[in-house]
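In: Sequence and predicted model, in that order:
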Amino acid sequence: MRAVVTGANGFVAGHLIDHLLEQGDTVLALTRTNHCKLALSAQLTTGVWDITQPASTGIIQQVREFNPDVVYHLAAISVRSSCGETTPSDTALQVNVEGTRHVANCCTQLPNVPRLVFTSSVYVYGSSFEQLTCVKEADPVAPDNGYGISKLMAEEVLEQFQPELPYIIARSFQHTGPGQTGSLLIPEWIDKLHTEASPLEVYNLNTWIDYSDARDVAQAYRVLALEGTPGELFNVGSGQAIRSGEIFNKLQALLNTSKSAIESNPGESYLPIADITKIKSETSWRPQRLVDETLKDIIQSLSDES
């Protein structure tokens, strides 16, 4: 296949592009600036597009000449502090909502309209529940933060392009994997376990989470491009709940350390868990990697970088 990827410098986009290239696909990787982290090859070319602006004549021409079969729209602002706490920030609206409109418009201007795989979010269902809850695609949506609201608004934008644009929505749940860095849960805990003395301060050890491997998520996006029904949405997650404290203990075992922890926000909390019945029944995708393998690979990737 010939694939365009927006947000190509992102964490999951990097895994997606690796997977596409492994499968023999040809990729046009679009980034917001000229700084692209990817190694160019005969299979991989790059372009620059700030999606807060409509596609320029040059971008439309470049994409037209590339003639994609599918566009994977991953470009987004996801940092909660940048997206707004209870309502979307201007930045979230510009990137996540209007950016999606601009990408969809670009697709419909091509002679051969490609499929669009849009990466939405678990947060359209809400950010927490009173008890352990598996959510289905048909369940009510109730986003309660700027990011989740902006992603739901982007889904609604795509509905305006039916039936001209064959889009598929992937509602992705929490994911991690090699290459993830910064203040996110697992890289932060690995850093603390390496560098800080006991007791470690952690946010919470009793949060129930659906954690997928980003490499599995990337594979799901390609399968949806090939097998998903246009106009449909699909949960992409592990379908399993794991307690944050269990992740902490697994990391300690892998790092061969034993440190106590103090929670800054103790108590039980529940993030939505994916019901993945639909994607499993309508496509060939299945989660492949167990959490132990994922954590081991993250530790190795962080070690390789240091």
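Out: Now that the structure is in, tell me what you want to look at.

In: Please make it C-alpha for all contacts and neighbour counts, starting now.
Out: Will do.

In: what's next to the helix or strand that contains residue 82, contact-wise?
Out: Under the criterion of DSSP states H and E, residue 82 resides in helix 80-83. Residues from elsewhere that reach helix 80-83 (Cα atoms under 8 Å, 6 or more residues apart in numbering): 77, 89, 90, 91, 92, 145, 146, 147.

In: what comes up buried for the next helix or strand after it?
Out: Proceeding N to C from helix 80-83, the next assigned helix or strand is helix 90-92, under DSSP H and E. Under the neighbour-count criterion of 16 or more other Cα atoms under 10 Å, helix 90-92 has 91, 92 buried.

In: just stretch 73-82 next, same as before
Out: 73, 74, 75, 76, 77, 78, 80.

In: can I get the residues you listed in JSON lines with distance to residue 230?
Out: Below are these laid out as JSON lines (distance: Cα to Cα, whole Å):
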{"residue": "73", "distance to residue 230": "15"}
{"residue": "74", "distance to residue 230": "18"}
{"residue": "75", "distance to residue 230": "20"}
{"residue": "76", "distance to residue 230": "22"}
{"residue": "77", "distance to residue 230": "25"}
{"residue": "78", "distance to residue 230": "25"}
{"residue": "80", "distance to residue 230": "30"}
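
In: So which of those residues are in helices?
Out: residue 80 (DSSP state H).

In: As a markdown table, the buried residues of stretch 73-82 with pLDDT would be great.
Out: Below are these laid out as a markdown table (pLDDT from 0 to 100):
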| residue | pLDDT |
| --- | --- |
| 73 | 98 |
| 74 | 98 |
| 75 | 97 |
| 76 | 97 |
| 77 | 94 |
| 78 | 87 |
| 80 | 79 |
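
In: Out of the buried residues of stretch 73-82, which is nearest to residue 295?
Out: Nearest to residue 295, judged by Cα to Cα, of the buried residues of stretch 73-82 is residue 78 at 22.4 Å.

In: do you know how far that closest one is from residue 145?
Out: 11 Å (Cα to Cα, to the nearest Å).

In: From the contact counts, what lies against the strand or helix carrying residue 29?
Out: Under the criterion of DSSP H and E, residue 29 resides in strand 26-31. Packing partners of strand 26-31 (3 or more Cα pairs under 8 Å, 6 or more residues apart in numbering; DSSP states H and E): strand 2-6, helix 11-22, strand 44-48.

In: Each with direction, which strands does that strand pair with?
Out: strand 2-6 (parallel), strand 44-48 (parallel) (DSSP bridges).

In: Next, the angle helix 11-22 makes with it.
Out: In terms of direction (axes from the mean of the first three to the mean of the last three Cα atoms, to 10 degrees), strand 26-31 departs from helix 11-22 by 160 degrees.

In: picking up where we left off before, closest to residue 284 out of the strands paired with strand 26-31?
Out: strand 2-6 (19.9 Å).

In: to the chain's geometric centre, what's the distance from the closest one?
Out: 15 Å (Cα atoms, centre = their mean, to the nearest Å).

In: Touching it from outside, list them.
Out: Contact with strand 2-6 is made by 13, 17, 25-31, 63, 66-75, as judged by Cα under 8 Å, 6+ apart.

In: And the buried ones among these, selectable in ChimeraX?
Out: Per 16+ other Cα under 10 Å, the buried members of those correspond to this ChimeraX selection:
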select :13,17,26,27,28,29,30,31,63,66,67,68,69,70,71,72,73,74,75
